[in-house]
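S.K.: Predicted model, plus sequence, below.
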Amino acid sequence: RHVAITTQTGVLRSHCIDCLDRTNVAQFAWGLAALGAQLEALGLADTNHVPLDASLAGVLMGLYRAMGNTLALQYGGSEAHTKVEEFR
């Protein structure tokens, strides 16, 4: 079996504590795109697109929701005000 080796060629950085909710939504979108590309590269998917209504997107959204709430609690003392679902 032939296995292709790929290397990372760049980074994506987003950070803005004063607008954490929007940052989290943007990170979810980038994360979903990256997940699709990784699944396709691994041969686990036929395309690099993961639909927003796919169960896998829901799992990823749950992870980002938990991360956003945890960061909001640490920095602001309350959960995130705007939820990822509101931007769908």
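M.R.: Arrived safely.

S.K.: Which residue ranges of the protein form helices?
M.R.: Ranges of helices in the chain, per DSSP state H, are 20-41, 55-76.

S.K.: Of these, which is nearest residue 48?
M.R.: Each of these has some distance to residue 48 by C-beta to C-beta; the shortest is helix 20-41, at 4.3 Å. All C-beta atoms are positioned from the backbone trio N, CA, C, and that covers glycine.

S.K.: So what's the residue count around residue 28?
M.R.: Residue neighbour count, defined by other C-beta atoms under 10 Å, stands at 22 for residue 28.

S.K.: Please read the previous query as pertaining to residue 59.
M.R.: Count around residue 59 with other C-beta under 10 Å applied: 10.

S.K.: before we move on, what about residue 14?
M.R.: By the criterion of other C-beta under 10 Å, residue 14 has 10 neighbours.

S.K.: Residue 36 too?
M.R.: Burial measure for residue 36: 19 neighbouring residues, criterion other C-beta under 10 Å.

S.K.: Check the contact between it and residue 49; I expect there is one.
M.R.: Yes: with contact defined as C-beta atoms under 8 Å, residue 36 counts as touching residue 49 (5.5 Å).

S.K.: Tell me how many other residues crowd residue 61.
M.R.: Other residues near residue 61 number 19, with proximity taken as other C-beta under 10 Å.

S.K.: What's the per-residue pLDDT of it here?
M.R.: Residue 61 is assigned a pLDDT of 88 by the prediction.
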